[in-house]
Every structure is written in structure tokens, then in C-alpha cells.
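In: quick one: sequence and predicted model below, then my questions.
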Amino acid sequence: MTNVSMTVNGKAVSREVPDETLLSEFLREHLRLTGTHVGCDTSQCGACVVHVNGKAVKSCSTLAASLDGSQVTTIEGLANGGLHPMQQAFTENHGLQCGFCTPGMIMTSVDMVNRYKADGKELTAQAIRGELAGNICRCTGYHNIVKAVEDAAAKM
Amino acid sequence: MYPTKYHKAASIDDAVAALGAGEEALVLAGGQTLLATMKQHLASPSDLVDIRAIDGMSGVSTDGDMLVIGAATTHAEVAGSADVQRLCPALAGLARGIGDPAVRHVGTIGGSIANNDPAADYPAGLLALGATVVTSKRQIGADDFFQGLFTTALDDDEVITSVRIPAASRAGYAKFRQPASLFALVGVFAAQGAGGTRVAVTGAGEDGVFRHVGLEAALGADWSAAAAGGVGVASEGLLADIHASAEYRANLIGVMAKRAVEAS
């Protein structure tokens, strides 16, 4: 067992967990933050993406014990009063159907827009599709997700 | 996942000691392959020795025209490094094309080469660029380091600390992705520099990454896509699976070699 302390969505948390606990398990089972979804558990689908120290990572492929002292943001921590512009854009552009992949899509997309803005690069529709390589949606066919990211990028 | 014991190594000596003490201890770097493997019960290390917090283990520096990349440097850091972009843009491009953004934020160069997946990108880059792998006990040339499928020259208690990569005068990398896994179905890294003309192929060899002598001779005489396209690539010794036959991979080697030269 290892004592893991981190800041999750701005709040200090500390739990004694087995060493092999994945970040996704830490969030869902120990903190009851079930907005982070586990789709494939093989690191391919991206439903479990959260931000660790400001970067998108797959929480099903990271050990909680290795993140002692880290800052973690999950889908629950994104809205600040009203919805985050990315969440709003997914709603308005019908960027989801069943919604299972949506938490990961949104966390990946926020990270993507932040990186492109920091680098001063243009986020084209083609670039968005490339950046979403690690997030799988089986409902939408991606068109409305791409539209939502373009929409949000203009407002972020 | 089976139970394991997690260690955060404070120094290289500490990591080596923990690796020696564990019954079946493994190094943990980014874990983007290792943790997935453990979840599938294909690996069950007694101990995981995390090397990422060790001072000097990550980051890019230069030694003259030599790139020195710490073992725990992530793919995103290599892709974004101004030094890598200046001295070897093909390597920055290779790093930018690994997996997906979330994997690139965590996966490391040391982890990739220690795993030596036969379809990984870095082994081709390091072999073609004539890199040297620096470990806790020695320096190993890329030609000696990569020994076969998931097999390297590393001892069980040996830790990669950095990779030294000489700048090439010309280099290019092209790969054809297997669309589901995003790994290279075939990737070709071609480079020309102080070590001559070297062409390394990943994704295709039954024994993992390999150098292609025919392509090296042709590109050594004439660095052009036409020269690469004129080389007959044999299918003997190439992988065949549900994704592609050995003959298809042989053809892709020629096509990717041409694209690698065009990209250089």
C-alpha cells in the first residue's frame, strides 16, 4: 500500500491505495469521481483522459502512486460556474450521442486547443482529426465533434 | 493487474539496487506499454522501479553536434525540443508521430527502446542515426543494442540513462500506420552523416528492427527517391500477419524508403 496525495480539481486529497492502483481506479473507486470513463482499459479508446499537471494523459495507463504531489483535473473539474466553452460547444454542435466517450473527448480537446494556442499554431479541422487519434467514438462519426472543437477553439 | 510493489528511485544507484533486490523487478518509465501489458497479465513484475524522478533523467541537451536525450524524456518533449528540431528534424517528426497526444505526454524514449517492440518508431531512428545508448554501467552502440523481438543488450539490473545521437547531414522518416494500433506497419528511417548512409526498417522484420543493406548502398551512391525506388526488396525474413503479408511489407519498405528520402 502507498499513501498517495494529490490535488484533484483544486482540492487536496489523500488515500492509502494498493501500489498497482491505476489513476482511473483512484479517481472512480477511491474518490467516487465517476465522470472519468473506462472504455477499453487497453489505452486505445481515450474515454479515460484527464489532465495531469496540465497535460492530457490516459488515466487507465498511469499508476496513482507515481503521481504523488500532482495536480489532476477531471471532467468534473472543468466547469467553473457555467459549462466550460468546450462542454458548451459539444452541447450546441451535437458532438455526442451516447456520451460514453465524451469526458475523454472533451479533456483531450481542451488540452489540444491549449497547446495550439500556446504554440501559436492554427488548429485546422484536419489537425483536430489527427489530434483525436487516441479517442474513439462509435456513435457520431466524428463530424460534429470536430465542429464542436472548432467552435470552442474560437471561444477559448 | 497482479499486485506489485512501486518504488520511486531517487538516484541511478538506488534504481539499480531496487532492480537487483526484487524477485522480478522491472523499470517503469512512461509505462505506456508496460502497464497495458500488466493489465493483460502478460507481465507480472514483483516490483516496479520508477526512474522518472531521478535528477538529470529527462530533458534534451547538446554536446557539440550530438543530441543527448535523457531516458525519461517524453515523446512530446523530444518533438517540441528546439535542439532536436535544429539538429535532427526527422527525429522530432518521428517523436511527433508516435501513438496519440496522451501517449506522447507520458511515453519515454528510454522505455521505447528498452521494450524494442518490432513496430516501434524509435529503434529505427536510433539505428539509422548511429546512436549510442548510455546505461548505468556502459555505452552500447545501436547496432549492438537492438537484438531481436522485444530483446536488447540490457542486463536485468541495467538502467538506460540517456541516448546520444549524432546530427545527420540528411535524414528522413516515413511510416505506414496500422490504423487501429497506430504502430508502424512499416517504417523506414534513412540517414546520411559521419557514419555513412544508414537505412533502418521497423515494423517489418521477423527479428525486429534491421538495417537494409541494398537501400544503404543505393542511397549511399545517389541520395534520391528514384535510387531508393530502384532497389528490389526481398520478402524473406519479413513479418506476415493478419494486417499484411511479407510481400506487402516488402513493397511498403520500398515505398516508405522513397518517402523518407523525399522528406529529408
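Out: Cool, got the structure.

In: which ones are touching residue 8?
Out: Just going to use chain A. A:27, A:31, A:33, A:72, A:73, A:74, A:77 (Cβ atoms under 8 Å, 6 or more residues apart in numbering or on different chains). (Each C-beta comes from the backbone N, C-alpha and C, glycine too.)

In: wrong one, I was asking about chain B
Out: Listed by Cβ under 8 Å, 6+ apart, the contact set of residue B:8 reads A:65, A:66, A:68, B:50, B:53.

In: the third one and residue B:17: what is the separation?
Out: Translated: residue A:68. 21 Å (Cβ to Cβ, to the nearest Å).

In: before we move on, the earlier item: ok, which pair from the contacts of residue A:8 is furthest apart?
Out: A:31 and A:73 (12.9 Å; Cβ to Cβ).

In: what pairs with whichever strand in chain B runs longest, parallel or antiparallel?
Out: In chain B, taking DSSP state E as the definition, the longest strand is strand B:184-193. According to DSSP bridges, strand B:184-193 has the following sheet partners: strand B:170-177 (antiparallel), strand B:196-202 (antiparallel).

In: what's the local residue count around residue B:229?
Out: By other Cβ atoms under 10 Å in any protein chain shown, 13 other residues sit near residue B:229.

In: tell me, what's the model's pLDDT at it?
Out: Residue B:229 is assigned a pLDDT of 94 by the prediction.

In: next to chain B, which bits of chain A? Give me the list.
Out: Neighbours of chain B within chain A, by Cβ under 8 Å from any Cβ of the partner chain: A:2, A:18-20, A:22, A:41-44, A:46, A:49, A:52, A:55-58, A:60-63, A:65-66, A:68, A:108, A:111-112, A:115, A:131, A:133-135.

In: looking at the residues you listed, which are in helices?
Out: A:108, A:111, A:112, A:115, A:131 (DSSP state H).

In: in space, what's closest to residue B:148 - neighbours in sequence excluded?
Out: Leaving aside its sequence neighbours, residue B:148 sits nearest to residue B:207 (Cβ to Cβ, 6 or more residues apart in numbering or on different chains; 4.8 Å).

In: same thing with residue B:52?
Out: Using Cβ to Cβ, 6+ apart, the nearest residue to residue B:52 is residue B:72, at 4.6 Å.

In: okay, now the one you found: neighbour count?
Out: Residue B:72, neighbours per other Cβ under 10 Å, totals 25.

In: re earlier: with only the CA atoms kept, save the longest strand of chain B in CSV.
Out: Extracted as CSV, the C-alpha positions of strand B:184-193 are listed here (Å, rounded to 0.1, in the frame of the first residue of the first chain):
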residue,chain,number,x,y,z
ALA,B,184,4.1,1.3,-37.8
LEU,B,185,3.1,-1.4,-40.2
VAL,B,186,6.3,-0.5,-41.9
GLY,B,187,8.6,2.5,-41.1
VAL,B,188,11.8,3.5,-42.8
PHE,B,189,14.4,5.9,-41.3
ALA,B,190,17.1,6.9,-43.8
ALA,B,191,20.1,9.0,-42.7
GLN,B,192,23.4,10.2,-44.1
GLY,B,193,26.1,11.6,-41.8
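
In: between the ones in helices among the residues of chain A next to chain B, which is closest to chain B?
Out: residue A:131 (5.8 Å; Cβ to the nearest Cβ).

In: the helices in the stretch 101-250 of chain B, which residues?
Out: B:101-106, B:109-115, B:122-129, B:142-145, B:213-221, B:225-229, B:246-263 (DSSP state H, counting those that start in this stretch).

In: care to break the chain down by domain?
Out: The chain I'm using is chain A. Here the domain parsing of chain A from automatic domain parsing is A:2-76, A:85-155.

In: ah, no, chain B please
Out: Using automatic domain parsing, chain B is parsed into the domains B:5-166, B:170-263.

In: distance of the one residue sitting closest to the centre of chain A from residue A:49?
Out: Closest residue to the average C-alpha location of chain A: residue A:107 at 2.8 Å, with Cα atoms, centre = their mean. To residue A:49, residue A:107 is 4 Å away according to Cβ to Cβ.

In: what do the two both touch?
Out: Joint contacts of residue A:107 and residue A:49 (Cβ under 8 Å, 6+ apart) are residue A:56.

In: what residues does chain B have near chain A?
Out: Listed as neighbours of chain A in chain B under the rule Cβ under 8 Å from any Cβ: B:1-6, B:8, B:28, B:31-32, B:35-36, B:38-40, B:48, B:50, B:52, B:76, B:99-103, B:105-106, B:180-182.

In: so what's whichever residue of the stretch 1-150 of chain B sits closest to chain A up against?
Out: Closest to chain A within the stretch 1-150 of chain B is residue B:100: 2.6 Å, counting by Cβ to the nearest Cβ. Applying Cβ under 8 Å, 6+ apart to residue B:100 gives the contacts A:46, A:133, A:134, A:135, B:182.

In: pretty sure residue A:67 contacts residue A:50?
Out: No: under the criterion of Cβ atoms under 8 Å, residue A:67 makes no contact with residue A:50, lying 10.3 Å away.

In: those two: which is more packed in?
Out: Legend: neighbour count by other Cβ under 10 Å for residue A:67 and residue A:50, higher for residue A:50 (31 against 19).

In: strands along chain A, start to end?
Out: Going by DSSP E, chain A shows strands at A:2-8, A:11-17, A:49-52, A:55-58, A:71-73.

In: what average pLDDT does the fourth one get?
Out: Strand A:55-58 shows a mean pLDDT of 98 in the predicted model.
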